[in-house]
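1. Below: sequence and its predicted model.
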Amino acid sequence: MTAARLAPARPWWYAFRRGRWLGYIYGGPVIVAFLLFNLYPMALGLYLSFTTWDILRPPTFIGLRNWVDLLSDDLLLRALLQTLYYAVASVAGATVLSLALALLLNQRLKTIGFYRTFFFLPAVTSLVAIAMVWRWIYNTEFGVLNAFLGSLGINPVNWLGDPVLAMPAVILMSIWRSAGFNTVLFLAGLQGVPQEYYEAAEIDGASRWDRFRHVTLPLVSPTTFFVVVNGLIGSWQVFDQIYIMSQGGPNKTTLSPAYVSYATGFGDQNFPAAAAMAFVLFAVIVLMTIVQRRLVRGRSS
(Lines give C-alpha, C1' and ligand atoms only; values in the text may rest on other atoms or scores of the structure.)
Protein backbone atom coordinates (compact mmCIF):
# COMPACT_ATOMS: atom_id res chain seq x y z
CA MET A 1 0.00 0.00 0.00
CA THR A 2 2.90 2.34 0.79
CA ALA A 3 4.52 1.53 -2.53
CA ALA A 4 1.27 2.36 -4.33
CA ARG A 5 1.17 5.75 -2.65
CA LEU A 6 4.73 6.50 -3.65
CA ALA A 7 4.20 5.42 -7.27
CA PRO A 8 4.65 8.32 -9.68
CA ALA A 9 1.56 9.74 -11.37
CA ARG A 10 1.11 8.35 -14.86
CA PRO A 11 0.75 10.77 -17.78
CA TRP A 12 -2.61 11.13 -19.55
CA TRP A 13 -1.37 9.25 -22.61
CA TYR A 14 -0.42 6.17 -20.56
CA ALA A 15 -3.84 4.59 -21.10
CA PHE A 16 -3.42 4.88 -24.87
CA ARG A 17 -0.03 3.20 -24.73
CA ARG A 18 -1.49 0.39 -22.64
CA GLY A 19 -4.12 -0.32 -25.29
CA ARG A 20 -7.06 1.22 -23.42
CA TRP A 21 -7.71 3.79 -26.12
CA LEU A 22 -10.67 1.78 -27.43
CA GLY A 23 -12.77 2.98 -24.50
CA TYR A 24 -12.04 6.60 -25.37
CA ILE A 25 -12.85 5.98 -29.03
CA TYR A 26 -16.18 4.30 -28.25
CA GLY A 27 -17.16 6.77 -25.55
CA GLY A 28 -15.86 9.85 -27.35
CA PRO A 29 -18.88 10.41 -29.66
CA VAL A 30 -21.29 10.12 -26.74
CA ILE A 31 -19.27 12.61 -24.69
CA VAL A 32 -19.04 15.03 -27.60
CA ALA A 33 -22.79 14.73 -28.27
CA PHE A 34 -23.55 15.36 -24.59
CA LEU A 35 -21.33 18.45 -24.51
CA LEU A 36 -22.69 19.79 -27.79
CA PHE A 37 -26.41 19.04 -27.48
CA ASN A 38 -26.95 19.00 -23.70
CA LEU A 39 -24.36 20.87 -21.69
CA TYR A 40 -23.81 23.73 -24.16
CA PRO A 41 -27.55 24.54 -24.56
CA MET A 42 -27.97 24.43 -20.78
CA ALA A 43 -25.04 26.81 -20.27
CA LEU A 44 -26.36 29.11 -23.00
CA GLY A 45 -29.83 29.09 -21.45
CA LEU A 46 -28.39 29.93 -18.03
CA TYR A 47 -26.49 32.84 -19.56
CA LEU A 48 -29.61 34.10 -21.37
CA SER A 49 -31.53 34.14 -18.07
CA PHE A 50 -29.24 36.98 -16.95
CA THR A 51 -29.71 39.05 -20.11
CA THR A 52 -32.29 40.88 -22.17
CA TRP A 53 -32.55 39.75 -25.79
CA ASP A 54 -34.90 40.58 -28.66
CA ILE A 55 -33.34 38.10 -31.14
CA LEU A 56 -32.39 40.92 -33.55
CA ARG A 57 -29.57 42.28 -31.39
CA PRO A 58 -26.97 40.55 -29.21
CA PRO A 59 -27.96 39.74 -25.61
CA THR A 60 -27.34 42.45 -23.03
CA PHE A 61 -26.37 41.42 -19.51
CA ILE A 62 -28.83 42.77 -16.89
CA GLY A 63 -27.91 40.70 -13.85
CA LEU A 64 -30.66 39.17 -11.70
CA ARG A 65 -33.54 41.26 -13.08
CA ASN A 66 -35.25 38.32 -14.78
CA TRP A 67 -34.94 36.22 -11.65
CA VAL A 68 -36.29 39.01 -9.44
CA ASP A 69 -39.25 39.45 -11.79
CA LEU A 70 -40.08 35.77 -11.31
CA LEU A 71 -40.70 36.40 -7.61
CA SER A 72 -43.60 38.68 -8.53
CA ASP A 73 -44.85 36.55 -11.42
CA ASP A 74 -48.29 35.35 -10.35
CA LEU A 75 -48.56 33.21 -13.48
CA LEU A 76 -45.54 31.08 -12.59
CA LEU A 77 -46.70 30.70 -8.98
CA ARG A 78 -50.13 29.66 -10.23
CA ALA A 79 -48.54 27.15 -12.58
CA LEU A 80 -46.46 25.68 -9.74
CA LEU A 81 -49.52 25.26 -7.52
CA GLN A 82 -51.58 23.72 -10.30
CA THR A 83 -48.74 21.36 -11.17
CA LEU A 84 -48.52 20.33 -7.53
CA TYR A 85 -52.22 19.46 -7.65
CA TYR A 86 -51.71 17.62 -10.94
CA ALA A 87 -48.70 15.71 -9.61
CA VAL A 88 -50.33 14.53 -6.38
CA ALA A 89 -53.63 13.54 -8.01
CA SER A 90 -52.15 11.84 -11.08
CA VAL A 91 -49.46 9.93 -9.20
CA ALA A 92 -51.87 8.77 -6.49
CA GLY A 93 -54.44 7.67 -9.06
CA ALA A 94 -51.91 5.96 -11.30
CA THR A 95 -50.31 4.12 -8.37
CA VAL A 96 -53.62 2.75 -7.08
CA LEU A 97 -54.83 1.80 -10.57
CA SER A 98 -51.51 0.20 -11.51
CA LEU A 99 -51.39 -1.92 -8.35
CA ALA A 100 -54.98 -3.05 -8.89
CA LEU A 101 -54.26 -4.00 -12.51
CA ALA A 102 -51.08 -5.82 -11.48
CA LEU A 103 -53.03 -7.86 -8.93
CA LEU A 104 -55.56 -8.81 -11.62
CA LEU A 105 -52.87 -9.66 -14.17
CA ASN A 106 -50.77 -11.68 -11.72
CA GLN A 107 -52.69 -14.82 -12.62
CA ARG A 108 -51.82 -18.07 -14.38
CA LEU A 109 -54.13 -17.91 -17.38
CA LYS A 110 -53.54 -18.89 -20.98
CA THR A 111 -54.46 -15.44 -22.30
CA ILE A 112 -52.75 -13.44 -19.57
CA GLY A 113 -49.96 -12.39 -21.96
CA PHE A 114 -52.49 -10.70 -24.23
CA TYR A 115 -53.98 -8.71 -21.37
CA ARG A 116 -50.55 -7.64 -20.14
CA THR A 117 -49.64 -6.42 -23.63
CA PHE A 118 -52.99 -4.66 -23.98
CA PHE A 119 -52.56 -2.65 -20.79
CA PHE A 120 -48.93 -1.82 -21.62
CA LEU A 121 -49.73 -0.36 -25.07
CA PRO A 122 -50.33 3.23 -23.83
CA ALA A 123 -46.79 3.31 -22.44
CA VAL A 124 -45.28 2.81 -25.91
CA THR A 125 -47.73 5.06 -27.76
CA SER A 126 -46.92 8.67 -28.61
CA LEU A 127 -48.15 11.01 -25.91
CA VAL A 128 -49.19 13.54 -28.55
CA ALA A 129 -51.37 10.95 -30.28
CA ILE A 130 -52.90 9.91 -26.96
CA ALA A 131 -53.66 13.53 -26.04
CA MET A 132 -55.35 14.13 -29.40
CA VAL A 133 -57.50 11.00 -28.99
CA TRP A 134 -58.54 12.02 -25.49
CA ARG A 135 -59.32 15.51 -26.73
CA TRP A 136 -61.71 13.91 -29.18
CA ILE A 137 -63.17 11.74 -26.40
CA TYR A 138 -63.84 14.88 -24.35
CA ASN A 139 -65.35 16.79 -27.29
CA THR A 140 -68.61 18.45 -26.29
CA GLU A 141 -70.48 17.84 -29.56
CA PHE A 142 -69.37 14.45 -30.84
CA GLY A 143 -67.12 13.03 -28.13
CA VAL A 144 -67.50 9.40 -27.07
CA LEU A 145 -67.80 10.30 -23.39
CA ASN A 146 -70.64 12.76 -23.93
CA ALA A 147 -72.35 10.31 -26.29
CA PHE A 148 -72.31 7.75 -23.49
CA LEU A 149 -73.65 10.31 -21.01
CA GLY A 150 -76.34 11.26 -23.50
CA SER A 151 -77.49 7.64 -23.68
CA LEU A 152 -78.04 7.86 -19.92
CA GLY A 153 -80.06 11.06 -20.26
CA ILE A 154 -77.27 13.34 -19.02
CA ASN A 155 -76.62 16.63 -20.81
CA PRO A 156 -73.25 17.06 -22.58
CA VAL A 157 -70.40 18.30 -20.41
CA ASN A 158 -67.73 20.72 -21.62
CA TRP A 159 -64.88 18.79 -20.06
CA LEU A 160 -61.97 20.87 -21.34
CA GLY A 161 -63.89 24.17 -21.34
CA ASP A 162 -65.00 24.10 -17.72
CA PRO A 163 -62.46 25.65 -15.31
CA VAL A 164 -63.43 23.13 -12.64
CA LEU A 165 -63.28 20.00 -14.83
CA ALA A 166 -60.39 20.82 -17.18
CA MET A 167 -57.54 19.80 -14.87
CA PRO A 168 -59.29 16.61 -13.63
CA ALA A 169 -59.85 15.70 -17.29
CA VAL A 170 -56.13 16.08 -18.02
CA ILE A 171 -55.29 14.13 -14.85
CA LEU A 172 -57.58 11.28 -15.89
CA MET A 173 -55.81 10.97 -19.22
CA SER A 174 -52.40 11.01 -17.54
CA ILE A 175 -53.46 8.29 -15.11
CA TRP A 176 -54.63 6.11 -17.98
CA ARG A 177 -51.43 6.68 -19.91
CA SER A 178 -48.96 5.96 -17.09
CA ALA A 179 -50.85 3.04 -15.57
CA GLY A 180 -49.56 0.52 -18.12
CA PHE A 181 -45.87 1.10 -17.44
CA ASN A 182 -46.38 1.14 -13.68
CA THR A 183 -48.40 -2.07 -13.92
CA VAL A 184 -45.39 -3.86 -15.39
CA LEU A 185 -43.27 -2.64 -12.49
CA PHE A 186 -45.81 -3.83 -9.94
CA LEU A 187 -46.08 -7.17 -11.73
CA ALA A 188 -42.35 -7.65 -11.35
CA GLY A 189 -42.63 -6.79 -7.66
CA LEU A 190 -45.56 -9.15 -7.10
CA GLN A 191 -43.82 -12.03 -8.83
CA GLY A 192 -40.87 -11.54 -6.50
CA VAL A 193 -42.99 -12.16 -3.40
CA PRO A 194 -42.38 -15.71 -2.11
CA GLN A 195 -45.53 -17.83 -2.16
CA GLU A 196 -44.57 -19.33 1.20
CA TYR A 197 -45.60 -16.10 2.90
CA TYR A 198 -49.12 -16.35 1.48
CA GLU A 199 -49.36 -20.01 2.40
CA ALA A 200 -48.24 -19.31 5.98
CA ALA A 201 -50.72 -16.43 6.29
CA GLU A 202 -53.53 -18.62 4.91
CA ILE A 203 -52.72 -21.37 7.39
CA ASP A 204 -52.93 -18.81 10.19
CA GLY A 205 -56.43 -17.94 9.05
CA ALA A 206 -55.67 -14.59 7.40
CA SER A 207 -58.34 -13.36 5.01
CA ARG A 208 -57.59 -12.18 1.48
CA TRP A 209 -57.61 -8.57 2.64
CA ASP A 210 -55.28 -9.39 5.54
CA ARG A 211 -52.87 -11.13 3.17
CA PHE A 212 -52.91 -8.11 0.89
CA ARG A 213 -52.39 -5.63 3.74
CA HIS A 214 -49.79 -7.53 5.76
CA VAL A 215 -47.93 -9.46 3.04
CA THR A 216 -48.37 -7.89 -0.39
CA LEU A 217 -48.19 -4.20 0.47
CA PRO A 218 -45.04 -4.40 2.67
CA LEU A 219 -43.17 -6.57 0.17
CA VAL A 220 -43.97 -4.39 -2.85
CA SER A 221 -43.27 -1.17 -0.96
CA PRO A 222 -39.89 -0.66 -2.75
CA THR A 223 -41.70 -0.81 -6.09
CA THR A 224 -44.40 1.54 -4.79
CA PHE A 225 -41.73 3.95 -3.59
CA PHE A 226 -40.03 3.96 -6.99
CA VAL A 227 -43.32 4.41 -8.86
CA VAL A 228 -44.36 7.34 -6.66
CA VAL A 229 -41.03 9.18 -6.78
CA ASN A 230 -40.53 8.60 -10.50
CA GLY A 231 -44.10 9.72 -11.18
CA LEU A 232 -43.71 12.90 -9.14
CA ILE A 233 -40.55 13.88 -10.97
CA GLY A 234 -42.18 13.23 -14.34
CA SER A 235 -45.34 15.12 -13.38
CA TRP A 236 -43.45 18.35 -12.83
CA GLN A 237 -42.32 18.20 -16.46
CA VAL A 238 -45.85 17.88 -17.87
CA PHE A 239 -46.22 19.73 -21.15
CA ASP A 240 -47.51 17.69 -24.09
CA GLN A 241 -50.98 16.94 -22.76
CA ILE A 242 -51.40 20.52 -21.54
CA TYR A 243 -50.39 21.92 -24.93
CA ILE A 244 -52.55 19.55 -26.97
CA MET A 245 -55.65 19.35 -24.80
CA SER A 246 -56.12 22.74 -23.14
CA GLN A 247 -53.17 25.09 -23.83
CA GLY A 248 -53.32 26.27 -20.23
CA GLY A 249 -57.02 27.12 -20.30
CA PRO A 250 -59.74 27.71 -19.61
CA ASN A 251 -58.99 30.83 -17.59
CA LYS A 252 -55.43 29.55 -17.02
CA THR A 253 -56.57 26.63 -14.87
CA THR A 254 -54.34 23.98 -16.46
CA LEU A 255 -50.99 25.71 -16.44
CA SER A 256 -47.65 24.02 -15.85
CA PRO A 257 -44.17 25.57 -15.48
CA ALA A 258 -43.02 23.91 -18.72
CA TYR A 259 -45.99 25.33 -20.63
CA VAL A 260 -45.59 28.80 -19.10
CA SER A 261 -41.92 28.77 -20.06
CA TYR A 262 -42.82 27.74 -23.61
CA ALA A 263 -45.55 30.40 -23.91
CA THR A 264 -43.24 33.08 -22.53
CA GLY A 265 -40.44 32.22 -24.91
CA PHE A 266 -42.21 31.41 -28.15
CA GLY A 267 -45.42 33.37 -27.53
CA ASP A 268 -44.17 36.57 -25.92
CA GLN A 269 -40.70 36.28 -27.52
CA ASN A 270 -39.18 36.78 -24.07
CA PHE A 271 -36.53 34.07 -24.20
CA PRO A 272 -34.45 35.25 -21.19
CA ALA A 273 -37.49 35.10 -18.88
CA ALA A 274 -38.42 31.71 -20.34
CA ALA A 275 -34.89 30.46 -19.64
CA ALA A 276 -35.14 31.64 -16.03
CA MET A 277 -38.48 29.81 -15.65
CA ALA A 278 -36.94 26.66 -17.11
CA PHE A 279 -34.16 26.75 -14.54
CA VAL A 280 -36.69 27.25 -11.74
CA LEU A 281 -38.33 24.02 -12.93
CA PHE A 282 -34.89 22.42 -13.13
CA ALA A 283 -34.22 23.44 -9.51
CA VAL A 284 -37.53 21.90 -8.39
CA ILE A 285 -36.68 18.61 -10.10
CA VAL A 286 -33.16 18.58 -8.65
CA LEU A 287 -34.61 19.21 -5.19
CA MET A 288 -37.02 16.31 -5.59
CA THR A 289 -34.17 14.09 -6.76
CA ILE A 290 -32.13 14.99 -3.67
CA VAL A 291 -35.10 14.21 -1.43
CA GLN A 292 -35.52 10.91 -3.25
CA ARG A 293 -31.88 9.96 -2.65
CA ARG A 294 -32.19 10.88 1.03
CA LEU A 295 -35.30 8.75 1.39
CA VAL A 296 -33.66 5.83 -0.39
CA ARG A 297 -30.66 6.00 1.92
CA GLY A 298 -32.96 6.21 4.93
CA ARG A 299 -34.86 3.12 3.80
CA SER A 300 -31.71 1.14 3.04
CA SER A 301 -30.14 1.95 6.41
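-> On my side now, so go ahead. Numbers count the residues shown, from 1 in each chain.
2. Need the per-residue pLDDT for residue 69.
-> Note on residue 69: pLDDT of 90.
3. Compute the number of surrounding residues for it.
-> Applying other Cβ atoms under 10 Å, we find 14 residues neighbouring residue 69. From N, CA and C alone the C-beta is placed, and that goes for glycine too.
4. Quick check: which element contains it?
-> Take DSSP states H and E as the rule and residue 69 turns out to sit in helix 65-71.
5. quick one: buried residues of that helix?
-> 65-67, 70 (16 or more other Cβ atoms under 10 Å).
6. Find the pair from these with maximum spatial separation.
-> Largest separation among those by Cβ to Cβ: 65 and 70, giving 10.0 Å.
7. Can you report how many residues lie near residue 55?
-> 7.
8. just checking, what packs against the helix holding residue 69?
-> strand 51-52, helix 271-300 (3 or more Cβ pairs under 8 Å, 6 or more residues apart in numbering; DSSP states H and E).
9. what are the pairing partners of the first one, and which direction each?
-> When you say that, I think you mean strand 51-52. Strand pairing for strand 51-52, using DSSP bridges, gives strand 60-61 (antiparallel).
10. rewinding a little: give the buried residues for the helix or strand just after the helix holding residue 69.
-> Proceeding N to C from helix 65-71, the next assigned helix or strand is helix 74-105, under DSSP H and E. Of all the residues in helix 74-105, those buried under the rule 16+ other Cβ under 10 Å are 75-76, 79-80, 82-83, 86-87, 89-91, 93-95, 97-99, 101-103, 105.
11. returning to that earlier point: and residue 129, which of the helices and strands packed on helix 65-71 is closest to it?
-> helix 271-300 (24.9 Å).
12. now the angle between helix 74-105 and the closest one, please.
-> With axes from the mean of the first three to the mean of the last three Cα atoms, to 10 degrees defining the directions, helix 271-300 sits at 40 degrees from helix 74-105.
13. where are the low-confidence patches of the stretch 101-250 of the chain?
-> Residues of the stretch 101-250 of the chain meeting the criterion pLDDT under 70: none.
14. how many neighbours does residue 204 have?
-> Neighbours of residue 204 using other Cβ under 10 Å come to 9.
15. Sorry, slip of the keys, the one I care about is residue 232.
-> Residue 232 has 18 nearby residues by other Cβ under 10 Å.
16. Give me the spatial nearest neighbour of residue 158, chain neighbours excluded.
-> residue 140 (4.9 Å; Cβ to Cβ, 6 or more residues apart in numbering).
17. Distance-wise, check the one you found relative to residue 128.
-> Counting by Cβ to Cβ, to the nearest Å, the gap from residue 140 to residue 128 is 22 Å.
18. Which residue, other than its chain neighbours, is closest to the residue most central in space within the chain?
-> In the chain, the centroid-proximal residue (Cα atoms, centre = their mean) is residue 234; its distance is 1.3 Å. Spatial nearest neighbour of residue 234, chain neighbours left out: residue 178 (7.8 Å); criterion: Cβ to Cβ, 6+ apart.
19. quick one: what helix or strand has that neighbour in it?
-> Residue 178 belongs to helix 166-191, assigned by DSSP H and E.
20. Quick check: residue 145 vs residue 201, distance?
-> 42 Å.
21. Sorry, slip of the keys, the one I care about is residue 152.
-> Applying Cβ to Cβ to residue 152 and residue 201 gives a distance of 42 Å.
22. now swap in residue 283 and tell me
-> Taken as Cβ to Cβ, the span from residue 283 to residue 201 is 46 Å.
23. quick one: which of these two has more around it?
-> Shown here are residue 283 and residue 201; by other Cβ under 10 Å, residue 201 has more neighbours (18 against 10).
24. Could I get the contacting residues of the more buried one?
-> For residue 201, the contact set (Cβ atoms under 8 Å, 6 or more residues apart in numbering) comprises 210-211, 214-215.
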